[in-house]
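> need a structure here:
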Amino acid sequence: MKKILLAFVIILAMVTALACGSGGGGGGATQGYLGGIWSGTWTSQVGPWTGTMYITLSQDGLTVTGSGYITDDGERYDGTCTGTVTNADGPGNITLGMAYSGRTQISTFTGSYTATTITGTYADSQGDRGTFVLVKQ
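Alright, predicted model coming up:
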């Protein structure tokens, strides 16, 4: 009886380990290479404007989605973003569009990324353009 009980416990432990895996999540978009929290700054090349950025990204293959906000002159603008990357598993290039809640303004961020940084340029639908730097938190 003890051998049967021991075998049952071992099988149960194996099934539980296989079902739980070694991390990750269930279904849908995954964290991916760029998944996680990113924060940094942006600087306009048109005027004397600077601000901060905070974005949470998820990656599913070559598609990146997320949400976050930018600050501009003390104001916070929340939004959602979607974009594409050139390499799902490593450094590459990214194009990310961000639409802001309650506003018609859209910003497009284009640049390069590594596991810890995203850097590049941006342009928005109101004529502003500049540079940005994001660091993975």
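> what's the closest non-adjacent residue to Val85?
Leaving out its chain neighbours, the residue that sits closest to Val85 by CB to CB, 6 or more residues apart in numbering is Ile94, at 5.0 Å. All C-beta spots, glycine's among them, are computed from the backbone N, C-alpha and C.
> Okay, and the residue positioned nearest the centre of the chain sits in which element?
Nearest to the geometric centre of the chain sits Leu57, at 1.8 Å (CA atoms, centre = their mean). Assigned by DSSP states H and E, Leu57 belongs to strand 50-60.
> Please enumerate residues in contact with that strand?
Applying CB atoms under 8 Å, 6 or more residues apart in numbering, the contact partners of strand 50-60 are 28-44, 64-73, 81, 85, 88, 98, 132, 134.
> try stretch 91-110
So stretch 91-110 is contacted by 34, 55, 64, 68, 70, 77-87, 111-115, 118, 120-126, 132 (CB under 8 Å, 6+ apart).
> And the strand holding Leu57, what's buried?
51, 53-55, 57-59 (16 or more other CB atoms under 10 Å).
> Sketch out the low-pLDDT regions of this structure for me.
The chain contains residues with pLDDT under 70 at 1-30.
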